[in-house]
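>>> For reference, the sequence and a predicted model appear below.
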Amino acid sequence: MTVQTRSIQKISAPAPDGPVADALPVAARQWPTAWAGRLAGWPFPLLLLLLWVLASRHEWIAPQVLPAPSLVWETLVDLLRSGEIWPHLWISLLRVFVGFLLGAAIGLALGLAMGLSPLFRDYFFPFFKAVNQVPALGWLPMLMLLVGIDEALKFILIAKAALLPVALNTYQGVRSVSTRYIEVAKVFRFTRWQLFAKVIFPAAFAPIWNGVRLGFTHSWLALVVVELLASSEGLGFLIVYGRQLFQLDVVLAAVAVVGIVGFLLDKALAQVETRLSRWRRTGF
Amino acid sequence: MAESLHKQTAVGSSPRQREHFVPKALRGWVLPLGLLLLWWASTTFGWIDSPLLPTLQAVWRKAVGYTASGELRVALGASLWRTLAGFAIGSSVGLLLGGLLGFSRFFERTLGPSFHAFKQISLFAWVPLISVWFGLGDTAKVAFIALAAFFPLVLNTFEGVRSVPFEFLEVARVLKFSRWQLLRKVVFPAASASILTGLHLALIYSWLASLGAEYLLVAGKGIGNTLVDGREHFHMDLVIFGVVVIGLVGFALNTVAALVEKRLLAWRGQSVGKF
């Protein structure tokens, strides 16, 4: 599972350009100016868009299969302006926040307990690992039978999705706190609480927060699935609804909203991270 | 720190430690066995009488029956076949694109931003679109699974190629390696750990996507369909059995991937990490 956590972090945080650029002068012809480099990303999507416009104008592809970009744009604007999308967006956000907070809190507690108490770890970790061999999606039919398809189902599934990465990263973060820090704390005769609050938690904060971000990504994924499968409102429902009526413009507009909202929320969490770990920089 | 801290706490709290008479190696079994026992007791003694909690024996009978009738083989075979097909397609395309983005600043600048924008879209939001474009059959499912495998491979290949140390390239230049030699003898081995991580991740994602595809594109056979059927007909025993099978397959895929990784990276001498 470590493999998974470690490399998904890579996904959420692409490598910074700077140091790599220094290390690879052979391949790296520096772009003349910064803005040219920034503009370089535009031709490809614009080309795709052009192709899309042409394809729909000349009807290379049936409009039922790929509606014109102008239509998708109009639908998107329409959804926003008529206010039709806000209740869906609101309920989706509510679900993801409640589920995520629930899952992250439980995950944090479990991770800390496993990291701090070897005894709890011995008893609980194998069971935890076994349960986690089944992805959140695997539990879905069982949960549907147990709790029905109401809000409870959504909260539980989203919480489950967030729980695993938070718990694992917290556990590993706590376990990898350097022994030296703990030795220093011992010299200072810290109480158990001081040891936790002043040494272990700050030292393990970075991996824990990585787990939180990863957990949020998983929650967002779970939200979309559960709304696609069993819901009568929400962004995922909007996608299914458009699909059933064969209104692909609604589907594409909703997909775009899902992408943008997910992106913004992830950015917000990244911002919180820089804010919270500001103390770290002063040390160096 | 882990070991030494644990030792210290163990010494520090030795009187408390002595109360726990369960040997360390067996402790992991206490909780699952306890839960199983609780389950068995509550159905046998009638503490809980609900169709939602079948007896252990019923689940076992279902498991034996489903396996013996060959239904499990068909469902699991179909799911695994799709998973592997999607994985193969998605990861090869991902490897190519990741390599391209890694090698060439030009492609990174031109294609990278679009790729990152696409990545933002939640994976399962693609399913309705894919179902319009490819139908509900195997093509659509494999296409979706390939998409799931594609993203982690692009990212990890890119990372791997980009993190090849500059010194290696210098040596290759001194030795006047051709482009192919550079790729084959320097870049690929140096990036292999990251690429294998990407493959491992892609395999897990493929399995997840395979389940999701079977739930959402309900046509044909597969282990996901087994679960959906069980739910629709209120066969909790079948659902529980299905969950166990899914867990076992996930475990098997993880184990195989980890073994392959270890095997292929054995030449590096020491292990890559303490996974």
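Ah, there it is.

>>> Now do the residue nearest to the spatial centre of chain A, the pLDDT please.
In chain A, the residue lying closest to the centroid (C-alpha atoms, centre = their mean) is residue A:217, at 1.4 Å. pLDDT, residue A:217: 90.

>>> for residue A:37, same thing?
67.

>>> Touching, the residue nearest to the centre of chain A and residue A:266? I think so.
Yes: with contact defined as C-beta atoms under 8 Å, residue A:217 and residue A:266 form a contacting pair (6.8 Å). Every residue, glycine included, has its C-beta placed from N, CA and C.

>>> coming back round to it: quick check: which helices or strands does the helix or strand hosting the residue nearest to the centre of chain A pack against?
Using DSSP states H and E, residue A:217 sits within helix A:201-229. Contact analysis of helix A:201-229 by 3 or more C-beta pairs under 8 Å, 6 or more residues apart in numbering or on different chains; DSSP states H and E lists helix A:2-12, helix A:85-116, helix A:136-147, helix A:151-175, helix A:235-244, helix A:248-276, helix B:188-216 as its packing neighbours.

>>> What residues of the second one count as buried?
Buried residues in helix A:85-116, defined by neighbour count with 16 or more other C-beta atoms under 10 Å in any protein chain shown: A:85, A:88-89, A:91-92, A:95-96, A:99-100, A:102-104, A:106-108, A:110-116.

>>> So which elements touch it?
Counting contacts by 3+ C-beta pairs under 8 Å, 6+ apart, helix A:85-116 is packed against helix A:118-131, helix A:151-175, helix A:201-229, helix A:235-244, helix A:248-276.

>>> Next, the buried residues of the third one.
For helix A:201-229, burial by neighbour count (16+ other C-beta under 10 Å) applies to A:201, A:203-205, A:207-229.

>>> now the last one
By neighbour count on 16+ other C-beta under 10 Å, the buried set for helix A:248-276 is A:248-259, A:261-263, A:265-266, A:269, A:273.

>>> Return only those of those residues found close to chain B.
Applying C-beta under 8 Å from any C-beta of the partner chain to the buried residues of helix A:248-276, one finds that A:248, A:251, A:252, A:254, A:255, A:256, A:258, A:259, A:262, A:263, A:266 fall near chain B.

>>> confidence score at the fourth one?
Reading off the confidence values, residue A:254 has pLDDT 91.

>>> Now do it against residue A:242, distance only.
Per C-beta to C-beta, to the nearest Å, residue A:254 is found 6 Å from residue A:242.

>>> tell me the SS of residue A:231?
Following DSSP: H, G, I helix; E, B strand; the rest coil, we place residue A:231 in the coil state.

>>> Isn't it up against residue A:239?
No: counting by C-beta under 8 Å, residue A:231 stays clear of residue A:239, with 10.3 Å between them.

>>> And the two? Which one has more around it.
residue A:239 (29 against 24; other C-beta atoms under 10 Å in any protein chain shown).

>>> Pretty sure residue A:251 is one of the things the more buried one touches, is it not?
Yes: between residue A:239 and residue A:251 there is a contact at 5.4 Å, judged by C-beta under 8 Å.

>>> Now the common contact residues for these two.
residue B:128 (C-beta atoms under 8 Å, 6 or more residues apart in numbering or on different chains).

>>> so residue B:73 is in which element?
helix B:71-103.

>>> Mind giving me the packing neighbours of the helix or strand just after that helix?
For helix B:71-103, the following helix or strand on the C-terminal side (DSSP H and E) is helix B:105-119. Packing contacts for helix B:105-119, counted by 3+ C-beta pairs under 8 Å, 6+ apart, involve helix A:43-57, helix B:71-103, helix B:138-162.
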